[in-house]
Each structure stands twice: as C-alpha cells, then as structure tokens.
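1. Fold the following.
(one chain, ligands or ions: 3)
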Amino acid sequence: MVMTLSYDSPGQVNRQSAPDSCQAAPSCIALLGRDCLIQSKVSLASFTSYRVGGPAEWYVAPKNLDEIQACLQWAAELGLSTTLLGGGSNLLISDQGLSGLVIGTRALRHIHFDLATGRLSAAAGESLPRLAWKAARLGWQGLEWAVGIPGTVGGAVVMNAGAHGSCTADILVQADILSRFGRLEVLTAKDLDYRYRTSNLQNSDRVVLQATFELKPGADPAKVLADTAEQLQKRRNSQPYHLPSCGSVFRNPGSQPAGWLIEQAGLKGYQIGGAQVAERHANFILNCGGATATDIFQLIRHVQQQVEQRWSYLLEPEVRIIGEFQQS
Ligand SMILES: Cc1cc2nc3c(=O)[nH]c(=O)nc-3n(C[C@H](O)[C@H](O)[C@H](O)COP(=O)(O)OP(=O)(O)OC[C@H]3O[C@@H](n4cnc5c(N)ncnc54)[C@H](O)[C@@H]3O)c2cc1C
Ligand SMILES: NC(=O)C1=CN([C@@H]2O[C@H](COP(=O)(O)OP(=O)(O)OC[C@H]3O[C@@H](n4cnc5c(N)ncnc54)[C@H](OP(=O)(O)O)[C@@H]3O)[C@@H](O)[C@H]2O)C=CC1
Ligand SMILES: C=C(O[C@H]1[C@H](O)[C@@H](CO)O[C@H](OP(=O)(O)OP(=O)(O)OC[C@H]2O[C@@H](n3ccc(=O)[nH]c3=O)[C@H](O)[C@@H]2O)[C@@H]1NC(C)=O)C(=O)O
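-> Ligands and ions are numbered 1, 2, ... in the order given. Got it, this is the predicted structure:
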C-alpha cells in the first residue's frame, strides 16, 4: 500500500491515499512535500560492515533535520521503535531483521572547516575516514587516528571511536542532538559522559545530527598526509582488513588486551559456520563468506565462555548486538 503523510504542523498528521505518488518500492510511504521515502522490508546486510542482518520493517534515509523530525513523528504516531544506523561498522543485526523504523544517516551530509577557529563541523552521515583525509589535505592536525575507522561522524560520537591513544572525546567541542520527542540540544563532551568506547548516547533514543571538532590548522599538508597514511599502515599491519568485520569485537579489559586473552585461550582460527576468529588478530571475528548473524553471535558467546573459563573474566562486547538472537 502506498500512502502520503503530511507533517506540516507539529502534532497533526494528514493521511491521504496517493497510489501514484510512490513508484520506488512495492510498499512505501512518502512524506508529503518531502523527497523522502519510508520503505518496508529493506535488507540491512549491505548497510553493515559484517554484511549480515535481515530486513528492516521500515527503512528511511532522511537528508535533513526536517525529514528526520517528520520520520520520528511518523514512528511515534504508529508506536514504532526507531534504530539509528550510521556506517553499520559496529553493528551485529539479527538475521530476523529489526522491527520498527531504521533511520540510515548516510544522506546527512555537509562539512565546514572554519579557519578562524580551527573548528570542523560535519553532519552525522559524513564518513569519518573521509573527514580525516580531507583535514590532512588541508594541513589540519588532530584526526590522523581516525583514518581506518569505517564509520560515520554520528557513530563515532556515540561510540567514542578512537585509535592509537586518541579518541572522539578528545576533540569533540559539541554535538547537535535531537531527542526522541524532537527537542534540539547542543551537548559538550562533558555532557556525554565519555569513557573508553562509550557515551551516554548508547542505548538512548537521541539522534546525533552534527558534530564540531577542534583541530589544529596550519601544518604542512604533506606532513599531515604522511602521518595519516602511517596510521593506516600501522593498522593494516596488525588488523585484518581483507574480510568483513566490525573491528574489535570486545572492549579491552584493564588487565590484558582482549586479543591476547583470546589468543592465549587457543581460539585463533576457531570457526562457527562462516564466522572465524581472525588469525591475524584474535579480537576480530571475520565473515569468511556466507556467515549469518547467528554464526557470528554464537562465536561471540563461545569466545566469551572459553575466555571466562580460562581467565575468569567475562569479555564485554564493543559491537552493538541488535534484534533477536537465541541464547544457546
Ligand atoms: C575494519 C574496522 C576497523 C575498526 N576500527 C576501529 C577503531 O580503531 N576504533 C574504534 O573505535 N572503532 C573501530 N571500528 C568500529 C566502528 O568503525 C566504530 O565504532 C564506528 O565509530 C562506528 O560508526 P558507525 O557510523 O559505523 O556506527 P554504527 O555501527 O552504524 O552504529 C553504532 C551505534 O551508534 C548508533 N548511531 C549511529 N549513528 C547515530 C546517530 N547519528 N545518532 C544516534 N545514534 C547513532 C547506532 O544506533 C549504534 O548504536 C572498526 C570497525 C571496522 C569494521
Ligand atoms: N574489514 C571490513 O569490514 C571493512 C574495512 N574497511 C576499511 O576501513 C577503512 C575505511 O574505509 P572507508 O570508510 O570505506 O573509507 P576509505 O578510507 O576507503 O575512503 C574514504 C574517503 O577518504 C578519501 N581517501 C581515501 N584514501 C585517501 C588517500 N590515500 N589520500 C587522500 N584521500 C583519501 C577518499 O575521499 P574523496 O573521495 O573525497 O577523495 C575516500 O572516498 C579502509 O581501509 C577500508 O579498507 C571498510 C569497510 C569494511
Ligand atoms: C579496532 C578497534 O580499535 C582498536 C584500535 O584500532 C587499536 C589501535 O589503537 O587499539 C585497540 O586494539 P588492540 O588493543 O587489540 O591493539 P593491538 O595493538 O592490536 O593489540 C594490543 C596487544 O594485544 C596483543 N595481541 C593482539 C592480538 C592478538 O591476536 N594477540 C595478541 O597477543 C598484541 O600483541 C598487543 O600487545 C583498539 N581496540 C580496542 C578494543 O580498544 C575497535 O575498537 O574496533
């Protein structure tokens, strides 16, 4: 069924039958006056770095604040849950897919370098590595570490993405946030309660719209580009980049790195279905071809059990596991 919804005045929803207004999918919703389609049963596998996951009940990729607000209002009207999807590079989505509305952020784009303040503002959907290369080309220092992290600005703000001793919290000046009920807020790093790979945005309904980072302009671009390339090389030397993954599966405990604990438990190369503990780095689980989300989930649980048995420590997943999974 095809329907056009109008959200021109807050709180008021006009439904109109509009059989000709939407040709793009067998079942979709067009938000009236907006070039924005909410589609049903959209496969999410190609939107995640693991290349697994079932369909979204509803999926939309809004391009601006107005469209996001209309989508949130639509979901709230229907009592649907919402899930934010950035680059999908730290998500394990169930093979059964996700109910409710999945909001992909990749169409939220803009980048602004302010030479006077040394501040860089970027929309949530911008690619973090692309931003790092852009900054390097301009001779701005401070994002070199971000180059191999294949997510979005929004995902980095939520996850406190980091590498090589630096992280998002170190450079974030402010994040522009939209609450589930449509209130706009400007929050600082302090407000987000940042710690290692976490923020209080995780498990919340808030949407990151844009982030502003403080960098250091004025360096020789050739040097910043060389430093950036070196960071990428370092990473490629120790991490497996040749097959789909989510990066590190587990957060490092305070004692020993997760990769060391997993390797010492004898798990390198251990495989369930198409999912394998990487030989190059034991804290990476790879989709070696044809893995399902269930294979990856079961391997995560197996690694946790084996490490706990050997080291009396329950590894905590960094990857966000969403949707329904059967505990074995
Ligand atoms: C090869 C590889 C290497 C990696 N290396 C690193 C690394 O060195 N360091 C590191 O920290 N991480 C690393 N990662 C993990 C991942 O890239 C980061 O966590 C990244 O910041 C996730 O961003 P994303 O846009 O893909 O977020 P997603 O995976 O799409 O989402 C992550 C979480 O953020 C939420 N979210 C996303 N966007 C928004 C938004 N706009 N508003 C509100 N919530 C939102 C999602 O709902 C979800 O809960 C790696 C991953 C891979 C595949
Ligand atoms: N194992 C896995 O599951 C996955 C691994 N990856 C890896 O993660 C890393 C990040 O991937 P991705 O997010 O796709 O981004 P990439 O790093 O591949 O590229 C993002 C953008 O950065 C710019 N760029 C890239 N290389 C250079 C360079 N040498 N000099 C100047 N600019 C450059 C380009 O921007 P512009 O077009 O504006 O010039 C490019 O479009 C990559 O190393 C990729 O291989 C990615 C996805 C999944
Ligand atoms: C990839 C991610 O982030 C990465 C980030 O890229 C790198 C570089 O800064 O440092 C962290 O990895 P890491 O702690 O595993 O770093 P590495 O330098 O590869 O390994 C740490 C130590 O563990 C040992 N190690 C690692 C892998 C392994 O199979 N066996 C092993 O013994 C290494 O020898 C090294 O002494 C982040 N991971 C976490 C969970 O904090 C991510 O979060 O997704």
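
2. okay, CA-based contacts and neighbour counts for the rest of this
-> OK.

3. following the helix or strand of the chain with the lowest mean pLDDT, which helix or strand shows up next?
-> Of all helical and strand segments in the chain, the minimum by mean pLDDT, DSSP states H and E falls on strand 14-17, at a mean of 34. Following strand 14-17 in sequence order, the next helix or strand is strand 28-31 (DSSP states H and E).

4. For that following strand, give the mean pLDDT please.
-> Averaging pLDDT along strand 28-31 gives 84.

5. what pairs with it, and is each one parallel or antiparallel?
-> Strand 28-31 sits in its sheet next to strand 2-6 (parallel), strand 37-43 (antiparallel), going by DSSP bridges.

6. ok, then the element right after the longest one?
-> Heading C-terminal from strand 37-43, the first helix or strand you meet, by DSSP H and E, is strand 55-60.

7. list the buried ones in the helix or strand following that next one?
-> Next helix or strand after strand 55-60 toward the C-terminus (DSSP H and E): helix 65-78. Within helix 65-78, the residues that count as buried by 16 or more other C-alpha atoms under 10 Å are E67, I68, Q69, A70, C71, L72, Q73, W74, A75.

8. near ligand 1, which residues of the stretch 201-328 of the chain show up?
-> Within the stretch 201-328 of the chain, the positions adjacent to ligand 1 are Q202, R206, V207, V208, L209, Y241, S245, C246, G247, R320 by C-alpha under 6 Å from any ligand atom.

9. Show me which pair in those is furthest apart.
-> Across those, no pair lies farther apart than R206 and Y241, at 31.1 Å, counting by C-alpha to C-alpha.

10. what about the two, which has more around it?
-> Per other C-alpha atoms under 10 Å, whichever of R206 and Y241 has more neighbours is R206, with 22 against 15.

11. That one: what's it in contact with?
-> I177, L178, S179, R180 (C-alpha atoms under 8 Å, 6 or more residues apart in numbering).

12. now, which of these sits nearest ligand 3?
-> I177 (23.3 Å; C-alpha to the nearest ligand atom).

13. what about the closest residue to the closest one other than its chain neighbours, helix or strand, and which?
-> Nearest non-adjacent residue to I177, counting by C-alpha to C-alpha, 6 or more residues apart in numbering: V208, 4.6 Å away. Here V208 sits within strand 207-214, counting by DSSP H and E.

14. who's in contact with that strand?
-> Applying C-alpha under 8 Å, 6+ apart, the set of residues contacting strand 207-214 from outside is 65, 84, 108, 118-124, 142, 153-154, 157-158, 171-180.

15. all helices for this structure, in order.
-> Using DSSP state H, the helices of the chain run over 65-78, 128-138, 153-159, 168-171, 221-238, 258-264, 293-311.

16. Quickly compare those helices and say which is most buried.
-> Mean neighbour count (mean count of other C-alpha atoms under 10 Å) peaks for helix 153-159 among those, with a mean of 27.

17. How far off centre is that helix?
-> Mean-position distance between helix 153-159 and its chain equals 7 Å (C-alpha atoms, centre = their mean, to the nearest Å).

18. which helices and strands sit right next to it?
-> strand 119-123, helix 168-171, strand 207-214 (3 or more C-alpha pairs under 8 Å, 6 or more residues apart in numbering; DSSP states H and E).

19. The first one pairs with which strands?
-> The reference is to strand 119-123. strand 111-114 (antiparallel), strand 207-214 (antiparallel).

20. out of these, nearest to ligand 2?
-> Of all the strands paired with strand 119-123, strand 111-114 sits nearest to ligand 2, with 11.3 Å by C-alpha to the nearest ligand atom.

21. what inclination does the strand holding V208 have with respect to helix 65-78?
-> Angle, strand 207-214 to helix 65-78, by axes from the mean of the first three to the mean of the last three C-alpha atoms, to 10 degrees: 150 degrees.

22. show me what contacts Q202?
-> So Q202 contacts V158, M159 (C-alpha under 8 Å, 6+ apart).

23. In ChimeraX, how would I select just the buried ones from the residues of the stretch 201-328 of the chain next to ligand 1?
-> Buried members of these, defined by 16+ other C-alpha under 10 Å, are picked up in ChimeraX with:
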select :206,207,208,209,245,246,247,320
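
24. Among the residues of the stretch 201-328 of the chain next to ligand 1, which one sits closest to I149?
-> Nearest member of these to I149, counting by C-alpha to C-alpha, is G247, at 8.3 Å.

25. and that closest one, what does it touch?
-> So G247 contacts S89, N90, N283, F284, I285 (C-alpha under 8 Å, 6+ apart).

26. Now, those that are in strands?
-> Residues of the contacts of G247 located in strands (DSSP state E): I285.

27. can I get the contacts of G247 in TSV with distance to G97?
-> Below are those laid out as TSV (distance: C-alpha to C-alpha, whole Å):
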residue	distance to G97
S89	16
N90	16
N283	25
F284	23
I285	20
